[in-house]
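**Student:** using only what follows, build the 3D model:
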Amino acid sequence: MATQIPATGFLRLHQILEFFPISKSAWWKGCATGRYPKPLKLGPRTTVWRAEDIRAFIENAGQAEVNHE
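**Tutor:** So this is what the prediction gives:
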């Protein structure tokens with residue numbers, strides 16, 4: 001993939017969806033149910049996720065997939 005997750009910082013939704021082949025609404029529903037990391041509001045129209053949380057989520061999802069095989 002061309003885009004890499006930074007070690008620290010924030011990611012916007014469009015950046016996250018480059019790693020997950022799902023719709024925006026599916027991502028938001030997953031955030032609401034606790035399946036995906038919680039977002040942070042930086043302003044009235046700015047929502048971000050911690051890069052560390054997304055990286056950990058990807059690593060944990062990979063581990064869960066290995067454990068299910």
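
**Student:** all contacts plus neighbour counts: C-alpha atoms, from now on.
**Tutor:** Noted.

**Student:** residue 9 versus the most centrally placed residue in the chain, what's the distance?
**Tutor:** For the chain, residue 54 is the residue whose C-alpha lies nearest the centre (Cα atoms, centre = their mean; 4.3 Å). Distance of residue 54 to residue 9, given as Cα to Cα, to the nearest Å: 11 Å.

**Student:** strands of the chain, start to end?
**Tutor:** 10-11, 40-43, 46-50 (DSSP state E).

**Student:** ok so, going back, go ahead and confirm the residue nearest to the centre of the chain touches residue 37.
**Tutor:** Yes - applying Cα atoms under 8 Å as the test, residue 54 and residue 37 come out as touching, 6.8 Å apart.

**Student:** returning to what we had before: if I look at the residue nearest to the centre of the chain, what pLDDT would I see?
**Tutor:** pLDDT, residue 54: 96.

**Student:** also residue 1?
**Tutor:** Confidence score, pLDDT, at residue 1: 42.

**Student:** what lies in contact with the lengthiest helix in the chain?
**Tutor:** Longest helix in the chain, counting residues (DSSP state H): helix 51-68. Contacts of helix 51-68 with the rest of the structure, by Cα atoms under 8 Å, 6 or more residues apart in numbering, involve 5, 6, 7, 8, 9, 10, 11, 16, 36, 37.
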